[in-house]
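Engineer: Provided below are the primary sequence and the corresponding predicted coordinates.
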Amino acid sequence: MSNSATSAPSAHPTKLPHQVDVLVVGAGFAGLYLLHRMRGLGLSAIALEAASGVGGTWYWNRYPGARCDVESMQYSYSVFDDLQDEWCWSELYSGQPEILRYANHVADRYDLRRDIFLNTRVSAAHFAADTHRWQVTTESGAKVRAQFVVMATGCLSTARTPDFDGLETFAGDTYHTGNWPHTQVDFSGRRVGIIGTGSSAIQAIPVIAAEASHVTVFQRTPNYSIPSRNGPMSDAYDKQWKDDYAALRTLARQSNNGIVMERNEHGAMDVSPEERVRVYEARWAAGGTQFMGSFNDLAINADSNETASEFVRDQIREIVKDAATAELLAPKGYAIGTKRICVDTQYFETFNRDNVRLVDVRNAPIERFDETGLVTGGDHYAFDCIIFATGFDAMTGTLNAIDIRGRDAAELRERWEAGPRTYLGLSVAGFPNMFLITGPGSPSVLSNMMVSIEQHVDFITDLLVHMRDRDLAVVEAGTDAQENWVQHVNDVAQKTLYPRAASWYMGANIPGKPRVFLPYIGGVGKYRKICIDVATNGYKGFAFEEDRTLARAG
Ligand code: FAD
Ligand code: NAP
């Protein structure tokens with residue numbers, strides 16, 4: 001099929017209703033699917049979206065080179081059979097414009113737009129115990145009452161620019177990868193500074209370097225990155241997936257990280273050094289995140305992990321011609337995978353270009369900005385424009401930006417002062433009838449997010465059916481269940497190497513943010529089983545109430 005909308009798109013509404021059954025915050029992949037499922041239950045549901053379009057991540061992150069790093073055949077909805085059979089991705093890892101087109105196609109195909117309010121940022125959500133309703137307030141002061149509120153607000157949706165001294169005095173253009181302009185940015189003939197070397201920077205740098213007159217990359221921590229080996233989608237590969245989609249999607253749901261990949265069931269130290277290198281070379285040649293499946297103990301055994309880390313360092317040393325630059329780019333002091341693994345197209349090769357320079361800001365942090373550029377290590381660097389690829393206040397930043405109050409007007413951000421506490425990453429004690437999609441304490445960012453989003457949306461949908469069948473109107477996570485879950489999330493994390501790295505998974509990228517491991521690392525398949533067990537045991541851990549005020553509340 002041609003990947004364009006099949007029906008005339010309906011318009012977005014402008015007049016907010018006074019009251020709905022379900023109010024969804026966000027219209028990314030999570031919000032879109034939620035709206036679809038809520039409607040399927042016959043509930044009145046709307047989504048409020050801060051952006052002027054749908055697509056979430058893929059609406060905001062329009063920087064050059066932005067693309068998925070989970071293969072498109074897998075980074076797509078699995079719940080719409082016709083859609084997944086008909087949609088043809090053009091590349092193995094599709095670019096941002098194509099993924100955004102896909103999100104828009106979904107909005108049109110399932111007629112979702114008529115219930116999505118754009119340019120509508122939610123500023124507050126307060127639970128009223130007397131009516132058992134949430135009062136949701138938008139930035140412009142409009143109010144909507146809802147029985148249920150679902151925060152589909154995204155884990156990586158609050159872009160963060162560090163508080164650099166004098167930043168406001170810089171006279172050139174500044175950009176953040178996570179809030180990129182909608183018009184083409186022309187870098188030709190310009191001197192560009194890029195701050196950061198995470199996944200976003202690693203994708204953007206090669207593309208921008210090919211256009212700009214000069215690029216200076218300011219690196220605080222080098223990252224492990226695996227070549228994607230991206231290319232056009234072949235008919236054969238497309239067919240291979242589509243012929244067996246149902247079974248493969250099931251495998252993904254049962255897997256550790258929501259991705260179908262060949263996993264080696266041996267530990268790295270169980271094989272000979274020659275065999276180890278053979279495995280790493282094959283995985284490096286195949287490309288992508290499946291490199292982390294080279295052996296089954298890379299996340300838990302420091303010695304095993306070191307063999308993979310050193311292999312990647314050696315690849316960098318081989319690719320980058322200048323030995324000092326190569327050494328600076330070679331990550332040390334933390335285990336591969338414990339900061340989000342990156343996937344690139346010609347990233348390390350880009351440092352062989354004459355117009356690219358790497359500056360270490362680990363030992364000499366950026367001191368200040370001025371009208372023409374910035375100062376680090378006593379040197380001044382002049383730029384026409386500066387790009388912040390400095391990441392996000394991940395997992396909690398977007399939720400804490402909303403004034404969320406539950407029972408007794410308790411503030412969520414206050415409850416989470418020492419780190420987020422949730423039951424299953426989707427519900428919070430004291431905040432009845434509020435759900436989080438891929439919230440802290442769920443596999444979320446450690447997984448193919450499409451798999452985790454669908455699982456959460458389906459869980460919530462089933463829970464609402466359970467309530468409807470029993471005339472229940474209020475659901476809330478129990479405190480004990482929540483505390484046990486938080487303990488479990490921490491216990492599992494501590495068995496791995498992950499908490500040892502200063503990563504955004506640990507909140508380490510935000511000064512003052514509590515250092516707790518935010519996602520659940522027990523695995524997507526295991527987590528799904530736990531959720532099924534919770535559901536089949538009468539949603540154990542949740543407390544329910546009938547609502548005698550329902551008739552009064554209307
Ligand atoms: P989002 O897409 O973040 O959508 C949340 C929406 O909520 C946003 O549109 C936001 O504007 C809106 N919102 C937030 N707060 C408010 C508010 N107060 N009021 C109203 N609206 C609000 N994951 C993968 O699995 N594979 C990948 O390859 C991958 N690549 C990524 C690449 C980039 C550049 C980034 C940043 C993330 C990537 N991710 C990837 C993670 C990605 O965020 C998820 O895959 C997925 O898109 C999240 O969908 P979502 O709907 O949960 O959240
Ligand atoms: P990120 O991984 O948090 O990277 C931010 C970068 O900015 C890091 O290199 C960080 O250094 C640096 N930085 C932050 N503050 C700094 C300061 N004051 N001075 C100097 N450097 C500073 O953010 P991201 O690259 O936007 O990626 C975030 C996540 O989004 C990814 O991990 C991934 O989950 C997702 N993503 C995926 C893809 C994809 O390939 N599909 C692409 C982009 C994003 P430190 O490491 O030292 O903190």
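Structural biologist: Great, that's in hand. Numbers count the residues shown, from 1 in each chain. Ligands and ions are numbered 1, 2, ... in the order given.

Engineer: Would you check that V428 makes contact with Q482?
Structural biologist: Yes: in this structure, V428 is within contact of Q482 by Cβ atoms under 8 Å, at 7.3 Å. Heads up, the C-betas are built off the backbone N, CA and C, glycines and all.

Engineer: Please enumerate the shared neighbours of the two.
Structural biologist: Shared contacts of V428 and Q482 (Cβ atoms under 8 Å, 6 or more residues apart in numbering): R421, T422.

Engineer: out of the two, which sits in the more crowded spot?
Structural biologist: V428 (28 against 21; other Cβ atoms under 10 Å).

Engineer: do you know how far the nearest residue to the more buried one once chain neighbours are set aside is from L399?
Structural biologist: What sits nearest to V428 in space, not counting adjacent residues and going by Cβ to Cβ, 6 or more residues apart in numbering, is T422, at 5.4 Å. Remark: distance between T422 and L399 (Cβ to Cβ, to the nearest Å) = 10 Å.

Engineer: Overlap of the contact sets of the two?
Structural biologist: Both T422 and L399 are contacted by L436, G439, under the criterion Cβ under 8 Å, 6+ apart.

Engineer: any idea how far the strand or helix carrying R317 is from the chain center?
Structural biologist: Assigned by DSSP states H and E, R317 belongs to helix 302-319. From the chain centre to the centre of helix 302-319 is a distance of 26 Å (Cα atoms, centre = their mean, to the nearest Å).

Engineer: can you check stretch 134-149 too?
Structural biologist: Distance, stretch centre to chain centre, for stretch 134-149: 25 Å (Cα atoms, centre = their mean).

Engineer: Buried residues, it. List them.
Structural biologist: Going by neighbour count (16 or more other Cβ atoms under 10 Å), the buried part of stretch 134-149 is W134, Q135, V136, T137, T138, V144, R145, A146, Q147, F148, V149.

Engineer: do stretch 25-43 as well
Structural biologist: By neighbour count with 16+ other Cβ under 10 Å, stretch 25-43 contains the buried residues 25-39, 43.

Engineer: and those residues, which of them are in strands?
Structural biologist: V25 (DSSP state E).

Engineer: Tell me which residues touch G378, please.
Structural biologist: G378 makes contacts with A364, as judged by Cβ under 8 Å, 6+ apart.

Engineer: Could you do F392 as well?
Structural biologist: C155, L156, S157, T158, A159, R160, G178, W504.

Engineer: closest point of the stretch 351-500 of the chain to ligand 2, which residue?
Structural biologist: G391 (2.6 Å; Cβ to the nearest ligand atom).

Engineer: Spit out the contact partners of that residue.
Structural biologist: Applying Cβ under 8 Å, 6+ apart, we find G391 in contact with A159, R160, G178, G196, G198, S200, W504, N509.

Engineer: Could you pick out the buried ones from those residues?
Structural biologist: By 16+ other Cβ under 10 Å, the contacts of G391 give A159, R160, G178, G196, G198, S200, W504, N509 as buried.

Engineer: who in the stretch 401-550 of the chain is up against ligand 1?
Structural biologist: Contact residues (Cβ under 6 Å from any ligand atom) of the stretch 401-550 of the chain with ligand 1: I402, I437, T438, N448, M449, I453.

Engineer: Up against ligand 1, what does the stretch 101-250 of the chain have?
Structural biologist: So far as Cβ under 6 Å from any ligand atom goes, the stretch 101-250 of the chain lies against ligand 1 at R121, V122, A152, T153, G154, C155, L156, S157, S200.

Engineer: so which strand or helix has the last one?
Structural biologist: Which is S200. Residue-wise, S200 maps onto helix 199-209 under DSSP H and E.

Engineer: That helix near ligand 2 at all?
Structural biologist: Yes: using Cβ under 6 Å from any ligand atom, helix 199-209 reaches ligand 2 at S199, S200, A201, Q203.

Engineer: how about these in TSV, adding pLDDT and distance to T221?
Structural biologist: Formatted as TSV, the residues of helix 199-209 next to ligand 2 follow (pLDDT from 0 to 100; distance: Cβ to Cβ, whole Å):
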residue	pLDDT	distance to T221
S199	98	13
S200	98	14
A201	98	11
Q203	98	17
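
Engineer: Let me know the closest of those residues to ligand 1.
Structural biologist: Ligand 1 lies nearest to S200 out of those, by Cβ to the nearest ligand atom, at 5.5 Å.
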